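>>> prediction below, plus the sequence it came from.
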Amino acid sequence: MAVKARNELKIGILVAVTIAVFILGFNFLRGRGFFSSDKEYYSYYDNIQGLQEAASVQLKGYTVGKVSDILLQSDGRIKVTILLKKEINVPQGSIAQLVSNDLISGTKIISLSFSDSRQYIPEEGVIEGKASAGILDNLGDQVSPLVGVLQHAVVSLDTLLNTVNNIINDDARRHLNASFAALEVGLNELSQLSAALNAQSSNIAGVLNNANSITGNLAASNAQITNTLGNLEEFSSSLKAAPIQQTLNDLESAAAGLQGIVSKINDNQGSVGMLLSDKKLYENLTETLGTLDKLLGDLKENPARYINVSVFGRKSTN
């Protein structure tokens, strides 16, 4: 009997140890340590959105605890037990929000947002739970203002198109077509002009070279040009200082005297006037000149007739 009792005791101890190990292992897998001193809090959600036990609890991205238990309540809400490190104190008014751990797997974690309160939630107290807004919800919040802007832009574009349609009627289209045709002609002429300029590029280069040569010559002759300009300036000064007015007055007086002489000649006054106007005097003068011409001819042919030259002197006559 004693041996049997000892065997039953061993079996009982083994079963107890097995059950204890099973419970401790199960609690460890659920996020509880064997000798954990973590503080326990609760939070309630209408939808945990895929939150699993042992999910991390973070504060500003730093892991401060784990989810130890998830239990569906009779009222339809879900109770989530949170284990936080013993040094973490949760202010009243803080929020435990479900957030996505990553965009690929879609797993959820709890992110704590502490309030500024100086009063703290006691251990085994309730932290207000808040569901995740979700990627689509956040996207919708960001897209909604853009949708309004896009609608306004579409309305403005529609108004602009209607205005353009009203402006561009048949006459305007014809004018535009004519303008485009004239523009095309102008571009063609410009192209031809460009081709002609390209063909004359060598001549233009020669002209530019000649212009450069002329410029160089002018630069080389700068001193001479300066001297010439100085001489012109001196001549201008001398001309300015000359008694031009007195000379003009003298010329005017001479012209008046000459006019008087011409008037007298025209009026047959004086010898010149009478000579020019008296025909008989003109004929006599012409005849006298003819006779004088004959006398000079005879003198030339017979000088001894008019000139008596004696070598021994002229005989005296009594």
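That came through fine.
>>> all helices for the protein, in order.
All helices of the chain, identified by DSSP state H, fall at 2-29, 135-167, 170-199, 201-220, 222-241, 244-266, 270-277, 279-301, 303-306.
>>> return the most buried member of those.
Mean neighbour count, computed with mean count of other CB atoms under 10 Å, is highest for helix 270-277 among the helices of the chain, reaching a mean of 13. Quick note: C-beta positions are derived from backbone N, CA and C, even for glycine.
>>> excluding its backbone neighbours, what's nearest residue 128?
residue 95 (5.2 Å; CB to CB, 6 or more residues apart in numbering).
>>> am I right that that neighbour is in contact with residue 130?
Yes: assessed by CB atoms under 8 Å, residue 95 is found in contact with residue 130 at 5.1 Å.
>>> pull the longest strand from this protein.
Ranked by residue count under DSSP state E, the longest strand found in the chain is strand 62-72.
>>> the helices of the chain: which one's closest to residue 54?
helix 2-29 (7.0 Å; CB to CB).
>>> under the pLDDT cut-off, which ranges of the stretch 51-200 of the chain? List them.
For the stretch 51-200 of the chain, applying pLDDT under 70 flags the ranges 103-106, 133-147, 168-169.
>>> domain parsing for this protein?
1-30, 37-132, 244-305 (automatic domain parsing).
>>> what mean pLDDT would you report for the first one?
The one in question is domain 1-30. In this model, domain 1-30 has a mean pLDDT of 70.
>>> picking that back up, tell me which of the helices of the chain lies nearest to residue 81.
helix 2-29 (11.4 Å).
>>> still on that earlier bit, quick one: the helices of the chain as CSV, columns for distance to residue 107 too.
Formatted as CSV, these follow (distance: least, CB to CB, whole Å):
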stretch, distance to residue 107
helix 2-29, 17
helix 135-167, 13
helix 170-199, 63
helix 201-220, 76
helix 222-241, 92
helix 244-266, 116
helix 270-277, 144
helix 279-301, 150
helix 303-306, 163
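>>> in contact with residue 43, which residues?
If you count contacts by CB atoms under 8 Å, 6 or more residues apart in numbering, residue 43 has them with 79-80, 82, 96, 110, 126-129.
>>> mind putting those residues into a markdown table with neighbour count and distance to residue 194?
Listed next are these as a markdown table, based on neighbours: other CB atoms under 10 Å; distance: CB to CB, whole Å:
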| residue | neighbour count | distance to residue 194 |
| --- | --- | --- |
| 79 | 16 | 86 |
| 80 | 25 | 81 |
| 82 | 25 | 82 |
| 96 | 23 | 77 |
| 110 | 28 | 76 |
| 126 | 13 | 86 |
| 127 | 23 | 81 |
| 128 | 15 | 79 |
| 129 | 21 | 79 |
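>>> hang on, residue 41 packs against residue 123?
Yes: counting by CB under 8 Å, residue 41 does reach residue 123; the two are 7.3 Å apart.
>>> more crowded one of the two?
residue 41 (25 against 13; other CB atoms under 10 Å).
>>> quick check: chain neighbours aside, which residue is closest to that one?
residue 82 (4.7 Å).
>>> just to check, that neighbour is in contact with residue 67?
Yes: the criterion here is CB under 8 Å, and residue 82 meets it with residue 67 at 6.1 Å.
>>> give me the common contacts of the two.
With CB under 8 Å, 6+ apart, residue 82 and residue 67 have common neighbours 57, 110.
>>> show me what the longest strand of the chain is packed up against.
Counting contacts by 3 or more CB pairs under 8 Å, 6 or more residues apart in numbering; DSSP states H and E, strand 62-72 packs against strand 56-59, strand 78-84.
>>> closest to residue 295 out of these?
strand 56-59 (159.3 Å).
>>> which strands and helices sit next to that closest one?
strand 62-72, strand 78-84, strand 108-113.
>>> give the pairing partners of it; include direction for each.
Sheet partners assigned to strand 56-59 using DSSP bridges are listed as strand 62-72 (antiparallel), strand 108-113 (parallel).
>>> which one of those is the most hemmed in?
With a mean of 21, the top stretch among the strands paired with strand 56-59 by mean neighbour count (mean count of other CB under 10 Å) is strand 108-113.
>>> using CSV, write out every CA atom in that strand.
This file holds the C-alpha atoms of strand 108-113, laid out as CSV (Å, rounded to 0.1, in the frame of the first residue of the first chain):
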residue,chain,number,x,y,z
LYS,A,108,-2.5,45.4,-36.3
ILE,A,109,-0.8,46.7,-33.2
ILE,A,110,-1.9,49.1,-30.5
SER,A,111,-0.4,52.6,-30.4
LEU,A,112,-0.8,54.5,-27.2
SER,A,113,-1.4,58.2,-27.3
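>>> angle of it against strand 78-84?
60 degrees (axes from the mean of the first three to the mean of the last three CA atoms, to 10 degrees).
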